[in-house]
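Engineer: Prediction below, plus the sequence it came from.
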Amino acid sequence: MVKSMDLNIEDLSKSFEEFQSKMDSFSSILEKFGLDIITKMGQTNLKITQLTDKINGLDKATIDIKSLIPQLSNVIENQKVLEDELDLIKSLLKNMGQISSKKKEVENSVDRDETATSKKELILNQLNGLKENLEVLDDPLAVKPILKQVKEDIFEFTGGHRILHEILQVINRLNSASSLNDLMDEQDTSSKTIKNHLMEKITFWINKLMIKD
């Protein structure tokens, strides 16, 4: 009987030891699993922080780019104006020889050049007609071809004049205008409308051409 009890106690002791060993292994597994989870969470938090920083950096870059858009538009517009003015200068230089020859012919002629007189009258009529029509016109596209024709006629008549540059400035403004009631200078709220500016300039151009022979 005593021997049987000793065997039972021994079996129980072994079973307990096996159970304790398995619990220790299980605890070790749980501990390792917990450490892995903590490590993964830490890595995930780090990646989230890095991603957030990158998103914030991207937002700042987007804001910086948007702030540069108006300046970029001004650069493009100024470049277009400069190209147009360079084209005008090239045309003037190209025709200087022809203009010089025509002037010599006029100086050697006793009678007044009736063709030049007719051209001058044509230009004045075009400008006066445009000034009258501006009262009812509002579409920039309707004015632009008239000014281009006037510019060509003035160039042919004078061979080069400051009026040509002023007409070119108005034409460039018409390219981006939606109405003749838009401001001549978009950046200056106190500037005149394109229509009023053009009417004043037409009067000035007519006076300049009236004293031009």
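Structural biologist: Nice, thanks for sending it over. Numbering: from 1, shown residues only.

Engineer: element containing residue 29, please.
Structural biologist: helix 2-94 (DSSP states H and E).

Engineer: Just after the lowest-mean-pLDDT helix or strand in the chain, pick out the following helix or strand.
Structural biologist: In the chain, the helix or strand scored least confidently by mean pLDDT, DSSP states H and E is helix 96-108, which has a mean of 53. Counting by DSSP H and E, the next helix or strand C-terminal to helix 96-108 is helix 114-133.

Engineer: Take the next helix or strand after that next one, keep the C-alpha atoms, and write them as CSV.
Structural biologist: Sequence-wise, the next helix or strand downstream of helix 114-133 (DSSP H and E) is helix 140-158. Coordinates of each C-alpha in helix 140-158 appear next as CSV, following Å, rounded to 0.1, in the frame of the first residue of the first chain:
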residue,chain,number,x,y,z
PRO,A,140,-11.2,92.3,-77.9
LEU,A,141,-11.0,90.1,-81.0
ALA,A,142,-12.9,92.7,-83.0
VAL,A,143,-10.3,95.4,-82.2
LYS,A,144,-7.1,93.3,-82.5
PRO,A,145,-7.1,92.9,-86.4
ILE,A,146,-7.8,96.6,-86.9
LEU,A,147,-4.9,97.6,-84.7
LYS,A,148,-2.6,95.1,-86.5
GLN,A,149,-3.5,96.6,-89.8
VAL,A,150,-3.0,100.1,-88.5
LYS,A,151,0.4,99.1,-87.1
GLU,A,152,1.5,97.7,-90.5
ASP,A,153,0.3,100.9,-92.3
ILE,A,154,2.0,103.2,-89.8
PHE,A,155,5.2,101.2,-90.2
GLU,A,156,5.0,101.5,-94.0
PHE,A,157,4.2,105.2,-93.7
THR,A,158,6.9,106.2,-91.1
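
Engineer: buried stuff in helix 140-158?
Structural biologist: Under the neighbour-count criterion of 16 or more other CB atoms under 10 Å, helix 140-158 has 140, 143, 147, 150, 151, 153, 154, 155, 157, 158 buried. For every residue, glycine as well, the C-beta is placed using N, CA and C.

Engineer: That one - contacts with which helices or strands?
Structural biologist: When contacts are defined as 3 or more CB pairs under 8 Å, 6 or more residues apart in numbering; DSSP states H and E, helix 140-158 sits against helix 114-133, helix 162-176, helix 194-210.

Engineer: Quick check: mean pLDDT of the second one?
Structural biologist: Put plainly, it is helix 162-176. Model confidence over helix 162-176, given as mean pLDDT, is 89.

Engineer: Which elements pack onto that helix?
Structural biologist: Looks like helix 162-176 contacts helix 2-94, helix 140-158, helix 194-210 (3+ CB pairs under 8 Å, 6+ apart).

Engineer: Any buried residues in it, and which?
Structural biologist: 163, 164, 167, 168, 169, 170, 171, 173, 174.

Engineer: State the pLDDT value of residue 42.
Structural biologist: The predicted local confidence for residue 42 is 69.

Engineer: my bad, residue 212
Structural biologist: Looking at residue 212, its pLDDT is 66.
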